[in-house]
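A.B. asks: Just a sequence and a predicted model for now, questions to come.
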Amino acid sequence: MMKLIVLLTFFLFSVDLLEAQQLLIDTLKREARITQNDTIRLVWFRTIARYYSEVNPDSAYYYAEKSLEQSRKLKLKFDEGSSLREMGYALVNTGNYPRSLQTLLSALNVLQDQESEQNVFVGKIPGNDNALYSAASPHEQRLSEMAFTHQNLGILYANSNEYDKSLHHLLLARKISEQSGNLALSGGVNLVLNRIYLQLGKKDSAMISIQAAYDLTMQSGYKKYLGGVLLNFGRTYAALGNIPKADEYYRKAAAASAEYGYSRGLVASNFLLADYHFNSGANDSAFHYTKHALSVAQDLNAPDLLLRSYTRLNRYYRIAGNNDSLVKYQALVIKINEVLFNAKQTQEFQNIDFDVHQKEQEIIATKKEYQNRLQKYLLLVGLGVFSIIAFILFRNNRQKQKANKVLESTLSDLRSTQSLLIQSEKMASLGELTAGIAHEIQNPLNFVKNFSEVNAELIEEADQEIDKGNILEVKAILKTVKNNGEKINEHGKRADSIVKGMIQHSRSSSGVKEPTDINVLIDEYLRLASHGFRAKDKSFNVSTKTDFDASVGKIPVVPQDIGRVVLNLITNAFYTVSEKKKLAGAEYEPTVTLRTKTNGYHVLISVSDNGNGIPSKVLDKIFQPFFTTKPTGQGTGLGLSLSYDIVKAHGGEIKVESKEGEGTVFTIVLGNREQTAREL
């Protein structure tokens, strides 16, 4: 009694859903007749075909063909490919496998062209918010249709017992469906893949694919084929030997198929329940499940399902000994087999499949030939390019050799010019010192002259006092002469020192470091630079300040080189403050400050001014040779460059900080004082 209630429930569910679906189809037919929009009519036709695809393949083919005519009329390539696919799937369900193969291949040919994405209708299929066929964009819709087509080809080859070819198309369908982002479609593809893996005996792969089908179905929310997923779970458990688990899933599959209107799933569930009861010896229950499956298969008019129904009933009546019914169903089995697998149809299917295979081989051969030809052309082009490059390299090498000779000569000239420029810079700085030295040397020379004249007069007085016999007065005069002579000697040595300093500055550096009192050196060059600048500009008046650290002491340097650096920095400072004075007026007091101090093991010498400062845009260029901010003819641009090289040669560095309008500080960092102490 309970079994009859289950069967009745399945039947009532399917009747209600079929009636609801038929009501929707009738509504769509009416809309298709009255609409004035050809594009909408096309969508209605294809939608009706899709609703009929599982329940009435003949009607599905009819409306798919009408949508094909409409799409060609409107020149919509995507809709043409989609309509051909619907026709091909309908032909699978009617059992016309040769025409189905031909039609599906035509659909695939259209859909593989990316241009078919033009003018694609984007929207939901009427009456179904979770439509399996919907996609977010024209590109994704085309990928979905391509995946559907490969899936339909997989089903077709599976129905023809060619499982390797079926697997090939289904794997392509899975890959493309994943690219499209259509979760429901991916679930359906994995569902069919499970069937093929079971046929090939790949049980682990079958379980993986059916689990993926279930997950994707639940994730997408599109549950029309949930019954098929549960059914194949049962088949997989049966293949693994877990029969009770399989029966449990068969019952769940039947209920889900009835609930969501999946008629083919309902038929298949009843087949497997019938087989389960038949193997358990419950022949009456097996018979009732089979009869219910037959009634739904007859409504669907699906030859493959009818064949499976007739085969099971034939088996039941043979065991029951009912010869009349046995003969009847044997005849029906033979008739359906003749429809599906007659020699003519089988040969036609194989011919189409062979032609497709041949075309694929021709395409592969053509591609290979093209690639070989392209490789030859590329090789020839490569040889030509190589020859040109070799010629260019040969010519360039000869030109390079000539250029090297010219370069060597030019470098020699540059070295000579550089030496002349450096010497010129030295002489220029010497010229700047000349006036200062002349002024500086004048003082000791004046002392020498004056004391010499005084001594001459004193000697005359001494002669007179001797004649008078005034010995005490003579001794006093001679003592004064002696003191004057010492002062003459002192100022003579001072003049000698100044001359030697000038000579030392003008001569080429020996490069030998000497213990040098940095404070004394800087003070001396400050005085000379100050006198020299005033000699050129009598109106120039600058305040010079010194802040020398006595702990610096003597450090090993090349005196004339460091002297040149200090002189250059002081002279530049004088120049910039004098230029600012010309513009700023009386309220501005030009100031140049020199400092020395120790910083750890280093000696720091700084020259700062309150002049105009150096523009930030040229600050990083001031140590480059020949770069100068002075007007043309007033500077060679070598002073700071040579100073930089001299300090680097001493193992030190020279830094600069400047603010426009406020002033500049140059800092010389010399040596390691610990190393200096060892050298001294």
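C.D. replies: Structure's in. What do you need? Numbers count the residues shown, from 1 in each chain.
A.B. asks: tell me the contacts of Glu589?
C.D. replies: By C-beta atoms under 8 Å, 6 or more residues apart in numbering, the contact set of Glu589 is Ser543. Using the backbone N, CA and C atoms, a C-beta is placed for each residue, glycine as well.
A.B. asks: and the helix or strand Leu526 falls within, how far out from the chain's middle?
C.D. replies: For Leu526, the host element (DSSP states H and E) is helix 518-536. From the chain centre to the centre of helix 518-536 is a distance of 61 Å (C-alpha atoms, centre = their mean, to the nearest Å).
A.B. asks: ditto for stretch 461-481
C.D. replies: 104 Å.
A.B. asks: Strands along this structure, start to end?
C.D. replies: Here the chain has its strands, by DSSP state E, at 514-517, 543-547, 554-557, 591-599, 602-609, 653-659, 663-670.
A.B. asks: need the ones you listed in JSON lines with distance to Leu478, mean pLDDT and mean neighbour count, can you?
C.D. replies: Formatted as JSON lines, the strands of the chain follow (distance: least, C-beta to C-beta, whole Å; pLDDT from 0 to 100; neighbours: other C-beta atoms under 10 Å):
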{"stretch": "strand 514-517", "distance to Leu478": "38", "mean pLDDT": "88", "mean neighbour count": "14"}
{"stretch": "strand 543-547", "distance to Leu478": "42", "mean pLDDT": "90", "mean neighbour count": "12"}
{"stretch": "strand 554-557", "distance to Leu478": "41", "mean pLDDT": "88", "mean neighbour count": "20"}
{"stretch": "strand 591-599", "distance to Leu478": "45", "mean pLDDT": "92", "mean neighbour count": "17"}
{"stretch": "strand 602-609", "distance to Leu478": "49", "mean pLDDT": "92", "mean neighbour count": "21"}
{"stretch": "strand 653-659", "distance to Leu478": "56", "mean pLDDT": "90", "mean neighbour count": "15"}
{"stretch": "strand 663-670", "distance to Leu478": "51", "mean pLDDT": "92", "mean neighbour count": "21"}
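A.B. asks: Relative to Arg195, how far out is Ser269?
C.D. replies: Going from Ser269 to Arg195 by C-beta to C-beta, to the nearest Å gives 14 Å.
A.B. asks: okay, now the domains of this protein?
C.D. replies: If you go by automatic domain parsing, the domain ranges for the chain are 13-117, 398-504, 509-679.
A.B. asks: Buried deepest among those domains, which one?
C.D. replies: Compared across the domains of the chain, domain 13-117 shows the largest average neighbour count, a mean of 20 (mean count of other C-beta atoms under 10 Å).
A.B. asks: Tell me how far that domain lies from the chain's centre.
C.D. replies: Taking C-alpha atoms, centre = their mean, the mean C-alpha location of domain 13-117 is offset from the chain mean by 45 Å.
A.B. asks: Looking at it now, give me its mean pLDDT.
C.D. replies: Average pLDDT, domain 13-117: 82.
A.B. asks: Same question for stretch 289-297.
C.D. replies: In this model, stretch 289-297 carries a mean pLDDT of 80.
A.B. asks: ok, back up a step: Ser269 and Arg195: which has the busier surroundings?
C.D. replies: Ser269 (30 against 23; other C-beta atoms under 10 Å).
A.B. asks: Touching, the more buried one and Ala253? I think so.
C.D. replies: Yes: contact status for Ser269 versus Ala253: in contact at 4.4 Å, counting by C-beta atoms under 8 Å.
A.B. asks: what residues do those two have in common as contacts?
C.D. replies: Residues touching both Ser269 and Ala253 (C-beta under 8 Å, 6+ apart): Gly227, Leu231.
A.B. asks: CA atoms of stretch 200-214 as CSV?
C.D. replies: Provided in CSV are the C-alpha atoms of stretch 200-214 (Å, rounded to 0.1, in the frame of the first residue of the first chain):
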residue,chain,number,x,y,z
LEU,A,200,34.4,3.6,-18.3
GLY,A,201,34.9,2.0,-14.8
LYS,A,202,36.5,5.1,-13.3
LYS,A,203,34.7,5.1,-10.0
ASP,A,204,36.9,7.7,-8.1
SER,A,205,36.5,10.2,-11.0
ALA,A,206,32.8,9.4,-11.0
MET,A,207,32.4,10.3,-7.3
ILE,A,208,34.5,13.5,-7.7
SER,A,209,32.4,14.7,-10.6
ILE,A,210,29.0,13.9,-9.0
GLN,A,211,30.0,15.7,-5.8
ALA,A,212,31.0,18.7,-7.9
ALA,A,213,27.6,18.5,-9.7
TYR,A,214,25.8,18.6,-6.4
